[in-house]
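Q: Show me the folded form of this:
(chains A, B and C)
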Amino acid sequence: MINELLLQFAQYLEAQEYSQMLVSGYYSWNWLEATHVLTLMISIGSLFIIDFRMLGWVLPGVSATTIADRLHKPMIIGFVIMFITGILLVYAKPVENVQSFWFRLKMILLVLAFINAWVFNSRMRAAEGAWDSALVAPKPLRTGAIISLCLWCGVVAMGRFIPYDWVDCPKVSNTALLWASGCVEQLNAL
Amino acid sequence: MLSNFLSNYRSVAVLAFVVLTIALVEFFGVRASVYPSLLPFFEWLKYSSWIGYLGITYGSVYATIQAVHLISMALIGGTILVADLRLLGVLLKDIPSETITKGTHQCFKYSLSVAIATGIFCAAGVADKVYYMPVFWIKMLALFAGSCFIFFIKLPLLNSRPHNEVDPWMLRMLAVASISIWFTVAATGRWIGFS
Amino acid sequence: MNNSKWDDRTIAAASASLIILGALLYYWVGEVQSTVELLELAYGSLKFFNNPLVF
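A: A predicted model of the protein is given here:
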C-alpha cells in the first residue's frame, strides 16, 4: 500500500514540467549534484570535527562544548544546502529514487542520524560545564558521537550507491528486496 | 654570498627552483614527451594490478572505496575550513589560532592519507579513461600543489611563531589560497565523475 | 634566520600563495571557460528556467 502511494506520488512529480527541466538541462543536474556532494565538506566536515572532539581525537586543547557551539552554525548551513539540493535531486528523478533500495536506506539512516543528533544535543546541554576541558567526553556522549559517525558514514555510502543498478527493480527477484525497494510492478507480476 | 643567501632564504630558493623547473618542463615540452610513456603504467594499473582487478570485477567494492574517498574528502574539507576560517577570523575567534592550526593538522594528515590511498584505488578502476582526461591531471597537480603548500609553506610559517606576529593580510592570503586549492581538488574530482 | 617581518618563510608563503591564487584564477576563469561563457552560466543560474544553456 505504502509503496503504491509513494510510486503514484513519484509519477505525479515526474510528470511535472520543472522536474523534466531539471533532469534534462545541460548544466542543471550537474550543478545540483556537484553542490550536493561538495557541500559535504561543510556539513559532514563540521559534524565530524565535533564528533572527533568528543572522542578526544582532534583539538584536545579546546573545550568540546565550545567546538560544538561554534561549528553548529556552519554545520546547519551546510545541511540546509544539502537538504535543498537533495530535495531538488529527488524531484528531478522521483521514480528512480523512490524505487531505489539505497535511497530508502539513506532516508532511514538520515532520520536515525537526526534523532541521534537531537538526543546527543540534549545530553550535551544537560552535562554542560562538568567535563568541558576533559580530553574525552563522558561515555554517553562518546557513544552518541560514535553512533553519529557510523550513521553519517552510512548516509554518504548509501548516497554513493544510488547511481548503481545492482538492485534495480528489473534485476531483483527476491520478494523482500522487491518490497523494500518499492518495485510495485514486479511485485504485482509475481 | 650565494651560500649566505641560500642559508638565509632556503624556502624561497626551493620555491623558486620548483617554479622554474615547472616553467622549464612546460616550455621545453618535457611534459608532452613524457605523457605518452605513462600510458603503459595506467593500462597496467587497470588491467594487471590487483587494485585494478578488484575495482573492475567487484563494483560494490569500488563503490564502497569511493564512499570512503568521499568521507575522507569531507574530513579534509572540514579540517581545512575550520583552520582557515579561523585564520580569516570568521570562526572560533575566541580560541587562539595556533591551537586550532595544531589541533586540526593531525586529523588533516590522516584524512589526506586515506583520500590518497582510496583515490589511487578509484583511479585504478578507470585508469584507461582518466589518463586521457585533462581534468584528472589538473586534479593531480592541484593535489600535489596543495599538499606541498600545506606541509612546506603554510605550516612551517604558522608553527614558527605566534600568529599575532604574522601580518594579518599574510594569514588571510594563506587561508584563501589553502581553501581555494583544496576546493579545486574537490571540484575537479567531481568533474572527473561527470566526464 | 633574521627576525624581520619579511623573513624567508614569510616571503616564501606570500609568493606561494600568490602563485597558487594566480594559477587558480587562470584555470577557472581563463582555461576552463571563456569569461563570456562563464557569465552565461552565471546568468543562466539566475534565469533558472528560461536559459537554454541551463535547460
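Q: Could you pull out the buried residues of stretch B:27-47?
A: Of all the residues in stretch B:27-47, those buried under the rule 16 or more other C-beta atoms under 10 Å in any protein chain shown are B:42, B:45-46. C-beta here means a position set from N, CA and C on the backbone, and glycine is covered the same way.
Q: And for stretch A:67-80?
A: A:67-68, A:70-71, A:74-75, A:78-79.
Q: Please work out which residues outside that stretch touch it.
A: A:39-47, A:49-50, A:53, A:59, A:124, B:81-82, B:85, B:91-92 (C-beta atoms under 8 Å, 6 or more residues apart in numbering or on different chains).
Q: State the mean pLDDT of stretch A:127-142.
A: The average of the pLDDT scores along stretch A:127-142 is 77.
Q: Just confirm yes or no for that stretch near chain B.
A: No - on the criterion C-beta under 8 Å from any C-beta of the partner chain, stretch A:127-142 is out of touch with chain B, staying 12.0 Å away.
Q: Chain B against chain A: which residues are in contact?
A: Contact residues (C-beta under 8 Å from any C-beta) of chain B with chain A: B:59-60, B:63-64, B:66-67, B:70-71, B:73-82, B:85, B:91-92, B:94-95, B:99-100, B:102-104, B:106-107, B:183, B:186-187, B:190-191, B:194.
Q: remind me, longest helix of chain A?
A: helix A:64-92 (DSSP state H).
Q: what do you get for chain C?
A: What stands out as the longest helix in chain C, according to DSSP H, is helix C:8-25.
Q: Okay, buried residues for it please.
A: For helix C:8-25, a neighbour-count test (16+ other C-beta under 10 Å) marks C:8-10, C:12-17, C:19-20, C:23-24 as buried.
Q: residues near the residue of chain A at minimum distance from chain C, how many?
A: When distances are taken as C-beta to the nearest C-beta, chain A reaches nearest to chain C at residue A:25, 4.0 Å away. Counted with other C-beta atoms under 10 Å in any protein chain shown, residues neighbouring residue A:25 total 21.
Q: what's the closest of the buried residues of stretch A:67-80 to chain B?
A: Looking across those and measuring by C-beta to the nearest C-beta, the closest to chain B is residue A:70, at 4.8 Å.
Q: Relative to chain C, which of the buried residues of stretch B:27-47 is nearest.
A: Relative to chain C, and with distances defined as C-beta to the nearest C-beta, the nearest of the buried residues of stretch B:27-47 is residue B:42, at 23.0 Å.
Q: follow-up on the earlier one: farthest-separated two in the buried residues of helix C:8-25?
A: C:8 and C:24 (24.5 Å; C-beta to C-beta).
Q: Find the residue ranges of the chain scoring beneath the pLDDT cut-off.
A: By default, I'm working from chain A. Along chain A, segments meeting pLDDT under 70 span A:26, A:128-130, A:132.
Q: not quite, I wanted chain C
A: If you take pLDDT under 70 as the line, chain C has these spans: C:1-4, C:31-55.
Q: circling back to that earlier point, show me what the longest helix of chain C is packed against.
A: Contacting helix C:8-25 under the criterion 3 or more C-beta pairs under 8 Å, 6 or more residues apart in numbering or on different chains; DSSP states H and E are the following elements: helix B:10-27, helix B:155-160, helix B:168-194.
Q: ok, the last one near chain C or not?
A: Yes - Helix B:168-194 is in contact with chain C by C-beta under 8 Å from any C-beta, via B:170, B:173-174, B:176-177, B:180-181, B:184.
Q: In that helix, which residues are buried?
A: Buried-residue list, helix B:168-194, by 16+ other C-beta under 10 Å: B:170-171, B:173-192.
Q: returning to that earlier point: nearest to residue B:12 among the buried residues of helix C:8-25?
A: The closest of the buried residues of helix C:8-25 to residue B:12 turns out to be residue C:12 (C-beta to C-beta; 4.9 Å).
Q: That closest one is in contact with residue B:12, isn't it?
A: Yes - when contacts are counted by C-beta atoms under 8 Å, residue C:12 is listed as touching residue B:12 (4.9 Å).
Q: Find the residues that touch each one of those two.
A: By C-beta under 8 Å, 6+ apart, no residue touches both residue C:12 and residue B:12.
Q: tell me which element residue B:129 is part of?
A: Element membership for residue B:129, per DSSP states H and E: helix B:127-130.
Q: what does that helix contact?
A: B:42-43, B:45-47, B:52, B:123, B:136, B:192.
Q: CA-only coordinates of whichever helix or strand comes after it in PDB, if you can.
A: Going down the chain from helix B:127-130, the next helix or strand is helix B:134-148, by DSSP H and E. Output in PDB follows, covering the C-alpha atoms of helix B:134-148 (Å, rounded to 0.1, in the frame of the first residue of the first chain):
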ATOM      1  CA  PRO B 134      42.800  16.800 -18.700                       C
ATOM      2  CA  VAL B 135      40.700  17.400 -15.600                       C
ATOM      3  CA  PHE B 136      42.300  14.400 -13.900                       C
ATOM      4  CA  TRP B 137      45.800  15.800 -14.400                       C
ATOM      5  CA  ILE B 138      44.700  19.200 -13.200                       C
ATOM      6  CA  LYS B 139      43.400  17.500 -10.000                       C
ATOM      7  CA  MET B 140      46.700  15.700  -9.500                       C
ATOM      8  CA  LEU B 141      48.600  19.000 -10.000                       C
ATOM      9  CA  ALA B 142      46.300  20.700  -7.500                       C
ATOM     10  CA  LEU B 143      46.600  17.900  -5.000                       C
ATOM     11  CA  PHE B 144      50.400  18.000  -5.300                       C
ATOM     12  CA  ALA B 145      50.500  21.800  -5.000                       C
ATOM     13  CA  GLY B 146      48.000  21.800  -2.100                       C
ATOM     14  CA  SER B 147      49.900  19.200  -0.200                       C
ATOM     15  CA  CYS B 148      53.300  20.900  -0.700                       C
END
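Q: now the residue positioned nearest the centre of chain B: how far from residue B:80?
A: Taking C-alpha atoms, centre = their mean, the centroid of chain B lies closest to residue B:143, which sits 2.5 Å from it. Applying C-beta to C-beta, to the nearest Å, the value for residue B:143 to residue B:80 is 13 Å.
Q: repeat for residue A:168
A: Distance, residue A:168 to residue B:80, using C-beta to C-beta: 37 Å.
Q: Which one of these two is surrounded by more residues?
A: residue B:80 (25 against 14).
Q: these two touch, right, the more buried one and residue B:181?
A: No - taking contacts as C-beta under 8 Å, residue B:80 lies outside contact range of residue B:181: 9.3 Å.
Q: near chain C, which residues of chain B show up?
A: Contact residues, chain B versus chain C (C-beta under 8 Å from any C-beta): B:8-12, B:14-15, B:19, B:138, B:145, B:149, B:153-154, B:156-157, B:160, B:166-167, B:170, B:173-174, B:176-177, B:180-181, B:184.
Q: what's next to stretch B:68-83, contact-wise?
A: A:37, A:40-49, A:58, A:71, A:74, A:153, A:156-157, A:160, B:91-92, B:100-101, B:104-105, B:107-108, B:111-112, B:114-115, B:118-119, B:121-122, B:175, B:178-179, B:182, B:186, B:189.
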